[in-house]
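K.L.:
just coords:
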């Protein structure tokens, strides 16, 4: 997205930390992670000095403490500053200082209303005071929402003017992924053999960390209800729940379950290419779930829990997949059976996924941002 946007407008991107580039300990995966794809190509990028020396991949407030951002704001002629939330100390420096320097703040965050409403009344009251009556009202000019529940979140906290709300859908590089699909899909049997996956079975795909938020054990419980001779379950990821998952697999004599361990970006697409259906069973904290976007670009039916933010936008039940109640493993089993009942149904749902995801693209994001910037 940043590369495409920089081709159309002057863009300077400032990072609070270089840990995503250098790599570091990811608590969710339980290991050091360094992405093997270029993250800085095609746009101007800078790294602010982070005074916190011991950094981690999380959103704790003082994990990003970059006072040098004050100098950047004072020297910069940029009129619009886009930030991705208010979790870090540096975010608050930008939020509180920029308006006094004649700069407009545009905010993009992930929070879905369906999960916000599950929080305690006390928490919501405090956020009403801080967000609705202070931050959103006095300091933010535009709100870049990623989906319908995120838009409702902003509206819930007082943002009613349509002119302040800009649709910037959570998206992946659709064009590149669809090219990957075209390249890899005809090689299914070759890839299955390479990965050690049994051929001539329907492959169910899960991608993500083995952590409580992702609820991987729910999928194992649902898989237990399926005819084992017909299915493989491929769980791409790693994390603290691996031991519990292995015990469940052993105790229930589940066959054809593949716990792959951490798979990096350059290799993960082979797993999408050999799959027949994608499942995301996450709970609270899964504000969207970009893996759903990825799966749809690989022409897969998608089955998503009712808590995931993307379920409200990307899934048309019965058309390109299904939505099931979080934690209801019996319902999840039924959804998998329906989506894989026969090749014609699976293919049709996959084609619908590919059609729907076209509206959630990087070009939509950049076009809407540029249109709003022109009117600003």
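P.N.:
Received it, and whenever you're ready, just let me know what you need. Computed from a prediction, not measured in an experiment: that's the story for all the values here.

K.L.:
pLDDT below threshold where in the stretch 51-200 of the chain?
P.N.:
Low-confidence segments of the stretch 51-200 of the chain (pLDDT under 70): 54-59, 62.

K.L.:
in it, which spans are helices?
P.N.:
With helices called from DSSP state H, counting those that start in this stretch, the stretch 51-200 of the chain shows them at 69-75, 89-97, 113-116, 121-127, 136-138, 148-156, 174-184, 188-195.

K.L.:
okay, those, which one's buried deepest?
P.N.:
helix 148-156 (a mean of 21; mean count of other Cβ atoms under 10 Å). Every C-beta, even on glycine, is put in place using the N, C-alpha and C of the backbone.

K.L.:
that older thread, among the helices of the stretch 51-200 of the chain, which is nearest residue 31?
P.N.:
helix 188-195 (20.3 Å; Cβ to Cβ).

K.L.:
which secondary structure elements does that closest one contact?
P.N.:
Here helix 188-195 touches helix 265-273, going by 3 or more Cβ pairs under 8 Å, 6 or more residues apart in numbering; DSSP states H and E.

K.L.:
Tell me which stretches of the stretch 1-150 of the chain form strands.
P.N.:
Secondary structure of the stretch 1-150 of the chain (DSSP state E, counting those that start in this stretch): strands at 12-15, 24-26, 31-33, 44-47, 80-83, 104-108, 142-145.

K.L.:
if we look at the fifth one, which residues are touching it?
P.N.:
Looking back up the chat, that one is strand 80-83. For strand 80-83, contacts defined as Cβ atoms under 8 Å, 6 or more residues apart in numbering pick out 73, 91, 94-95, 98, 103-108, 144, 373, 376.

K.L.:
ok, that strand: who's next to it in the sheet?
P.N.:
strand 104-108 (parallel) (DSSP bridges).

K.L.:
Give the full set of residues in contact with residue 326.
P.N.:
215, 281, 282, 283, 305, 306, 307.

K.L.:
and the strands of the stretch 1-150 of the chain, which is most packed in?
P.N.:
strand 142-145 (a mean of 23).

K.L.:
neighbouring strands for that one, and are they parallel or not?
P.N.:
strand 104-108 (parallel), strand 165-167 (parallel).

K.L.:
Save those strands as TSV, and put in distance to residue 79 too.
P.N.:
Listed next are those as TSV, based on distance: least, Cβ to Cβ, whole Å:
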stretch	distance to residue 79
strand 104-108	6
strand 165-167	16
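
K.L.:
Out of the ones you listed, flag the one nearest residue 316.
P.N.:
It's strand 165-167; of the strands paired with strand 142-145, that one is closest to residue 316 (Cβ to Cβ) at 18.4 Å.

K.L.:
if we look at the closest one, which residues are touching it?
P.N.:
Strand 165-167 is contacted from outside by 106, 142-145, 151, 154-155, 159, 364, 368-369, 372, using Cβ under 8 Å, 6+ apart.

K.L.:
what do you get if the cut-off is 6 Å, keeping everything else the same?
P.N.:
142, 143, 144, 145, 368, 372 (Cβ atoms under 6 Å, 6 or more residues apart in numbering).

K.L.:
Kindly indicate which of those lies nearest residue 45.
P.N.:
Of those, the one sitting nearest to residue 45 (Cβ to Cβ) turns out to be residue 144, at 19.7 Å.

K.L.:
mind putting the strands of the stretch 1-150 of the chain in TSV, distance to residue 295 included?
P.N.:
Output for the strands of the stretch 1-150 of the chain, formatted as TSV (distance: least, Cβ to Cβ, whole Å):
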stretch	distance to residue 295
strand 12-15	28
strand 24-26	22
strand 31-33	21
strand 44-47	29
strand 80-83	28
strand 104-108	23
strand 142-145	22
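
K.L.:
Of all the ones you listed, which one comes closest to residue 196?
P.N.:
strand 31-33 (21.4 Å).

K.L.:
Not counting stretch 100-120 itself, show me its contacts.
P.N.:
So stretch 100-120 is contacted by 73, 80-82, 84-85, 98, 139-144, 149-150, 152-153, 156, 284, 287-288, 309 (Cβ under 6 Å, 6+ apart).

K.L.:
centre of the chain versus that stretch, how much separation?
P.N.:
16 Å (Cα atoms, centre = their mean, to the nearest Å).

K.L.:
Next, work out how far apart the closest residue in space to residue 356 that isn't next to it in sequence and residue 334 are.
P.N.:
Distance criterion Cβ to Cβ, 6 or more residues apart in numbering; nearest residue to residue 356, sequence neighbours excluded, is residue 320 at 5.7 Å. Distance of residue 320 to residue 334, computed by Cβ to Cβ, to the nearest Å: 17 Å.

K.L.:
now swap in residue 177 and tell me
P.N.:
Using Cβ to Cβ, residue 177 is found at 29 Å from residue 334.

K.L.:
Residue 125 now?
P.N.:
Counting by Cβ to Cβ, the gap from residue 125 to residue 334 is 40 Å.

K.L.:
Repeat that for residue 261.
P.N.:
30 Å.

K.L.:
do the same with residue 187
P.N.:
Distance from residue 187 to residue 334, by Cβ to Cβ: 32 Å.

K.L.:
And residue 233, by the same measure?
P.N.:
When distance is defined by Cβ to Cβ, residue 233 is 16 Å away from residue 334.

K.L.:
So what's the residue count around residue 53?
P.N.:
Residues lying near residue 53 (other Cβ atoms under 10 Å) number 5.

K.L.:
Noted, bye for now.
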